[in-house]
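3D model of this:
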Amino acid sequence: MRLVHKGLVLLIGLTACANPVPPSGGPPDRTPPALVESTPPPNATNVQDPRIRLVFSEGIDPASVARALSITPAPERPPKVRVRGRTVTFSLPTPLRSNTTYVLTFDTDLRDLHGVSLREPIVLAFSTGPTINRGQLVGRVLDAASGQPVANIDVYAYALTDSLPLRTWPPSPDYRTQTDPEGRFQFAYLSDQRYFVIALADRNRNRQPDPGEAFAAPPHPALQPDTSGQLLPTPWLITHLDTLPPILRQVRPLSNRRLQVRFSEPVRLQTRDPSRWLLFTPETAIPIQAVYQVPARPFDVLLYTPPLQPVTHWLRAGGVVDTAGNPVRPDTVRFTGLARRDTLRLRFLGFIPGAQARLLPNQLLQLRFNLPPPDLAAYLTLTDTTGRPRAFRLESADGTTYTLIPDPPLRPGEQLHLTLEGRISGHPDTLWHATLTLMPAAMLGSLSGVVQAADTTAPVIVELLPETPALPVQKQRLPPGGGTFHFESLPEGRFRVRAFLDYNGNQRWDGGQLLPYAPPEPLSWLPEPLQTRPRWEIAAGDTLRFSRLHLP
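Residues are numbered from 1 along each chain as shown. The predicted structure follows:
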């Protein structure tokens, strides 16, 4: 909600805290505090008194004021703030700068005594000269994966001395605001110069970009404010540039032969080669027999070893990367072996997507185990309907989930039978069966649409993002300038469509970087998911468009 109070633009909203404290004898308080009076008044000019007095509609949580308040230009040291009920007072360093517009911003960390926080920032401005700055920059922050607005993201503006992007980070931004529930942000009262504007998930609240924090690089490195208040056409796109290696946090023995290795973030095995790991005692190196993962524990890698003694061991990881491909840091962790014998036995957990598998084109059957199975191919038989054997191969990235790849591939109308012998897990009288067929064309649909790009210097990549997690993302490459995309053989379901200009040719969207500045690749989404239907081609009613960036 946007209100005007005595010339002051107030961006006010509602966010309930996790456990609101209700007033005695009444319903829970869900109304955020509002600014009702200020000294100096909003938009005042020729202000010389450094004392600031603010009166809110209800009592303010004193601890939230310092977190929420930012002042431009930033004082050399934070002012001492006094909170008494509804009144907040403090003084700016004296003397005030001449002919300067001061901007006070309270972000959504400001809460009342019941824990109800602002939904949008409150901004108060005054000038020590006869005029007040009127420059504005208005933008929108969206999630790059979904195209949906991102609320309560910090947005920082840094004044530029020339038209070049920043080379180093200043101690603090010159201006600070946050996005509203629609992902929209607005800087007002800006001076007449260019700005470098970033969006940041500032988790540690230090008002600095830190490695690992999600961010959005600006669509242009130098933005000039104007007085129109018009929304910039190109949004800021939240992305995550992960350059930090995963860290080996803990080694936990599960038995005398199995070790659970915990990392600081989700990881995957770049290789299952045990020789990439180093396990040793002061006396000897110990060979690792198997390295594997189970899908339900993405932070963990499991090791199978010879029987270990309950003495001190050291372990160094290798062949492990995080989801961004950063290799594990070569740290060594100490642990004490466990004397308890290992009693875990191999179990077959099932077929994916199921024993009666109607597979999509390019989809393959998988077999999942709780441990790495020995010589799995020796316990499998694949035949056609006449009983003739079909050649196949097996692939596994984690050592417990195996993909069955028939040779030649499964054809439309063909049916294959797979048998897994139970003796692989000590059950000689058990057989597990699966039937493989391709989903018939009558159960599949298609989807098409049009992309138009004014920039013809890069090809267009169109991505089909299923809302069902089990389905893979599909991509198509269109020539520079765009054209028509067409995805076939799709199951019934809902799909989001996005497209980007692939400047670097790696066929994945790149969100740019802050320092040194690199712009994000232009990205666009269809506004709504598309629902596919069997035997129907769904044509998108909207055109995905890329226009050139227009700056104020």
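
switch to C-alpha atoms for all contacts and neighbour counts from now on
Noted.

Could I get the full set of helices for this protein?
In the chain, the segments counted as helices under DSSP state H are 62-68.

Quickly list the domain ranges of it.
In the assignment given by automatic domain parsing, the structural domains of the chain cover 1-132, 135-240, 248-336, 348-439, 445-546.

how much space between the residue sitting furthest away from the middle of the chain and Gly135?
Residue farthest from the centre of the chain, counting by C-alpha atoms, centre = their mean, is Thr386 at 49.8 Å. For Thr386, the distance to Gly135 equals 78 Å [C-alpha to C-alpha, to the nearest Å].

So what's the residue count around Thr100?
For Thr100, the count of nearby residues is 21 (other C-alpha atoms under 10 Å).

if we can go back for a sec, pick the most deeply packed of the domains of the chain.
Greatest average neighbour count among these goes to domain 135-240 (a mean of 20), per mean count of other C-alpha atoms under 10 Å.

From the opening residue of that domain to its closing one, how far?
End-to-end for domain 135-240, by C-alpha to C-alpha: 30 Å.

Equivalent analysis for stretch 449-465, please.
14 Å.

Figure out how far that stretch is from the centre of its chain.
23 Å (C-alpha atoms, centre = their mean, to the nearest Å).

swap in stretch 382-389?
With C-alpha atoms, centre = their mean, you get 46 Å for stretch 382-389.

now that stretch: mean pLDDT?
The pLDDT scores in stretch 382-389 average 96.

What lies in contact with it?
Residues outside stretch 382-389 that contact it (C-alpha atoms under 8 Å, 6 or more residues apart in numbering): Thr381, Arg390, Ala391, Phe392, Glu414, Gln415, Leu416, His417, Leu418, Thr419.

Distance of the residue farthest from the centre of the chain relative to Leu431?
To Leu431, Thr386 is 19 Å away according to C-alpha to C-alpha.

now Gln513
Gln513 is 54 Å from Leu431, by C-alpha to C-alpha.

again with Pro95
87 Å.

Please apply the same query to Arg334.
Noted for Arg334: a distance of 43 Å to Leu431, by C-alpha to C-alpha.

With Thr168 instead?
Taking C-alpha to C-alpha, one finds Thr168 at 65 Å from Leu431.

go on, Thr87?
Distance from Thr87 to Leu431, counting by C-alpha to C-alpha: 76 Å.

again with Arg205
With C-alpha to C-alpha as the criterion, Arg205 and Leu431 are 58 Å apart.

low-confidence ranges in the chain?
Scanning the chain for pLDDT under 70 picks out 1-27, 163, 547-552.

Who are the contact partners of Val65?
Listed by C-alpha under 8 Å, 6+ apart, the contact set of Val65 reads Val81, Phe106, Asp109, Leu110, Arg111.

Kindly indicate which of these lies nearest Val497.
Val497 lies nearest to Asp109 out of these, by C-alpha to C-alpha, at 35.2 Å.

residues contacting the residue lying closest to the closest one once chain neighbours are set aside?
What sits nearest to Asp109 in space, not counting adjacent residues and going by C-alpha to C-alpha, 6 or more residues apart in numbering, is Ala68, at 4.9 Å. Ala68 makes contacts with Thr105, Phe106, Asp107, Thr108, Asp109, Leu110, as judged by C-alpha under 8 Å, 6+ apart.

Tell me which entries of those lie within strands.
Assigned to strands by DSSP state E, the following of the contacts of Ala68 qualify: Thr105, Phe106.

Of the contacts of stretch 382-389, just say which sits nearest to Ser117.
Distances from Ser117 to the contacts of stretch 382-389, taken by C-alpha to C-alpha, are shortest for Leu418, at 59.0 Å.

how near is the nearest residue to that closest one once chain neighbours are set aside to Leu410?
In space, and not counting its chain neighbours, Leu418 is closest to Leu382: 4.6 Å by C-alpha to C-alpha, 6+ apart. Shown here: Leu382 relative to Leu410, a distance of 12 Å by C-alpha to C-alpha.

residues shared between the contacts of those two?
Counting by C-alpha under 8 Å, 6+ apart, the residues touching both Leu382 and Leu410 are Leu416.
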